[in-house]
Structure formats: structure tokens, C-alpha cells
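> quick check, what structure comes out for this input:
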Amino acid sequence: MTPLLHKLYIWTMVFITIATTIYLGYTGYSYYILPIEERFYHPNYDWFKPAGVLGHGLGIAGTAMILFGVVIYIARKRYNFMSRFIRLKYLLEFHIFLCFLGSILILFHTSFKFGGIVSIAFWSMVAVVISGIIGRYIYIQIPRSIEGREYSLKEVQKMRDELNKEIHNYGVQSKPIQLLIEQARNLNSLSPLHFVNSSLLLRKVKRKLKTKNVDTTQIGQAMSAIKTEISLSQRIGRLQSMQKLFKYWHVAHLPFALIMLVIVLIHVIVTLALGYKWIF
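This is a model prediction of the structure:
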């Protein structure tokens with residue numbers, strides 16, 4: 001997948017999530033803002049209530065999305081299911097999308113009313129979603145192969161050294177250019193202004209390359225190599241800490257996910273036992 005397609009892939013999932021949330025919130029706004037004791041008198045009560053046509057359907061759809069997202073990700077990660085066709089990075093993003101959107105559907109299924117054992121499942125779900133987003137950030141900080149294998153510190157350092165050799169071939173040996181690259185390399189990537197400051201420094205590098213009459217094509221290749229080298233240099237500094245964080249992250253993410261799934265299963269069994277059915 002090209003960078004452009006990857007961005008389109010991400011923004012499509014973001015758009016679907018936002019559009020779905022706005023649509024559900026807009027259509028049921030008059031119902032959801034009512035006190036619980038007054039909702040029975042709403043003209044569309046049988047539609048929006050948790051056991052209603054829409055409410056119940058949202059619960060089924062949301063649960064199915066979460067289960068599918070979990071199962072397909074575990075199958076790919078643990079058992080290499082369809083590893084030739086699906087990169088783990090893209091599947092992780094799809095997994096987060098399904099679980100996040102599924103959680104939103106379940107929130108509307110509850111009509112923002114939850115208590116008892118179901119509330120444990122709900123807050124576990126919230127914890128899973130938040131920790132999943134954090135886990136995704138940690139995941140992308142660790143350099144990986146196309147197949148999703150983590151690179152070791154030596155492998156990353158070797159990649160950086162090879163990039164440095166490539167960069168020098170484009171005529172960036174001058175001290176002013178090297179100084180600008182070093183400044184970009186030392187920027188705090190967690191700072192809100194990182195992107196702006198990094199972009200300004202790299203533009204200066206590009207301008208200096210132009211003054212050296214470097215070919216336009218070579219300038220593009222040099223800038224691409226410089227950006228990659230800076231990213232690798234920054235990741236090397238935090239590689240080991242991120243790998244440790246990723247291991248600790250599982251300790252928080254997995255238990256909440258298991259609690260949520262067990263309680264949801266109990267909720268479904270109890271619902272069926274009490275005779276609640278959807279449109280079937």
C-alpha cells in the first residue's frame with residue numbers, strides 16, 4: 001500500500017466513525033436527552049430503546065464488529081492467518097477501527113443508560129479502547145519489517161548507517177546542512193510543535209541543496225532519505241523503552257478485553273433466556 005493509499009485508508013475509517021456518530025446522535029437526540037423516566041413517552045421509544053429495533057440492532061452490530069476485529073487480529077498475529085495478503089500494521093489499524101466503532105454502536109445501544117454488571121463491561125470496553133489507541137502509538141514507534149517483525153537495535157542501527165552513506169552521496173557533507181539535520185534529529189518528537197519545527201529545518205536543508213545546484217530528482221531522493229534517517233535516529237533512542245512499554249501494555253489491555261468479552265457473553269445469554277429477540 002502506497003503512503004497515499006494508506007492515508008486514504010485511515011481517513012476513510014475516521015470519516016465512517018465520525019459520520020456514524022453524528023448520524024446516530026442527530027437522529028436520536030430528542031430521545032437521548034430525555035430523563036430515563038420520560039423516555040417511555042417518546043414517540044420513537046420502541047425504536048431507540050436498548051431492546052428496540054434500532055437499539056437492539058446497534059448492540060448486535062457493535063458486538064459483532066468487536067468480536068470480528070479481535071478474532072481476525074489474533075488469527076493474523078498468533079497464527080499468521082492470511083499473512084501473505086494482510087500486513088499486520090494495516091490489520092491493527094482495522095482492528096482499532098472495528099473495536100472503536102463497535103464501542104460507539106454499543107454506547108448508543110445502551111441509550112446512555114448502564115448499570116449493574118453491564119456497567120463493568122462498558123467501562124472495561126472504554127479502558128480497552130483507550131489502551132488500544134495508546135498501544136497503537138507505541139506499536140508504530142517500534143521499527144518493523146514489511147511482515148510486521150520487530151527489528152532489533154543492531155538492525156535499526158545498520159539501516160541508519162546505510163542511509164547515512166546514501167545521504168552523503170547526495171552532497172550534504174557541508175557543515176551548515178549537517179548542523180540542520182542534527183537539529184532536526186534532536187527535536188523532541190513528543191512535542192506538539194515537533195512537526196512544525198522539523199518541517200522548517202528540512203525546508204532549510206532543501207534550500208541549501210538547491211544552492212549547491214543539486215539535481216531536482218536527487219534533492220527529492222535526498223530529502224526522503226534524510227527524513228527516514230532522522231526518524232530512525234529518534235526511534236533508536238527510545239527503542240528499548242518502547243519495547244518494554246509494549247510488553248507492559250498487554251498487561252493492561254488483555255485483562256480488560258477478557259472482562260468485557262465475558263460479561264458481554266453473559267449479557268447475551270441472559271437476554272436470550274429472557275426471550276428478547278431482534279427482528280428474527
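
> the helix or strand where residue 260 lies - contacts with which helices or strands?
Residue 260 is part of helix 216-273 when elements are defined by DSSP states H and E. Contacts defined by 3 or more C-beta pairs under 8 Å, 6 or more residues apart in numbering; DSSP states H and E place helix 216-273 against helix 53-79, helix 117-141, helix 153-168, helix 175-185, helix 194-211. In this view, the C-beta of every residue, glycine as well, is placed from N, C-alpha and C.

> and the pLDDT for residue 11?
Turning to residue 11, the model gives it a pLDDT of 93.

> which strand or helix spans it?
In this assignment (DSSP H and E), residue 11 forms part of helix 3-27.

> what of residue 276?
When secondary structure is defined using DSSP H and E, no element contains residue 276, which sits outside every helix and strand.

> for stretch 265-275, list the C-alpha coordinates in PDB.
The C-alpha atoms that make up stretch 265-275 are tabulated as PDB, following Å, rounded to 0.1, in the frame of the first residue of the first chain:
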ATOM      1  CA  LEU A 265     -21.300 -13.100  26.700                       C
ATOM      2  CA  ILE A 266     -23.300 -13.300  30.000                       C
ATOM      3  CA  HIS A 267     -25.400 -10.400  28.900                       C
ATOM      4  CA  VAL A 268     -26.300 -12.000  25.600                       C
ATOM      5  CA  ILE A 269     -27.100 -15.400  27.200                       C
ATOM      6  CA  VAL A 270     -29.400 -13.600  29.800                       C
ATOM      7  CA  THR A 271     -31.100 -11.600  27.100                       C
ATOM      8  CA  LEU A 272     -31.900 -14.700  25.100                       C
ATOM      9  CA  ALA A 273     -33.000 -16.600  28.200                       C
ATOM     10  CA  LEU A 274     -35.400 -13.700  29.000                       C
ATOM     11  CA  GLY A 275     -36.900 -14.000  25.500                       C
END
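
> go through that stretch and flag the buried ones.
Of the residues in stretch 265-275, those buried under the neighbour-count criterion (16 or more other C-beta atoms under 10 Å) are 267, 271.

> what's the neighbour count on residue 241?
For residue 241, the count of nearby residues is 11 (other C-beta atoms under 10 Å).

> roughly how far does it sit from residue 142?
Distance of residue 241 to residue 142, computed by C-beta to C-beta, to the nearest Å: 10 Å.

> try residue 68
Residue 68 sits at a distance of 26 Å from residue 142 (criterion: C-beta to C-beta).

> and residue 42, by the same measure?
Distance of residue 42 to residue 142, computed by C-beta to C-beta: 50 Å.

> if we can go back for a sec, so which elements touch the helix holding residue 11?
Counting contacts by 3+ C-beta pairs under 8 Å, 6+ apart, helix 3-27 packs against helix 88-109.
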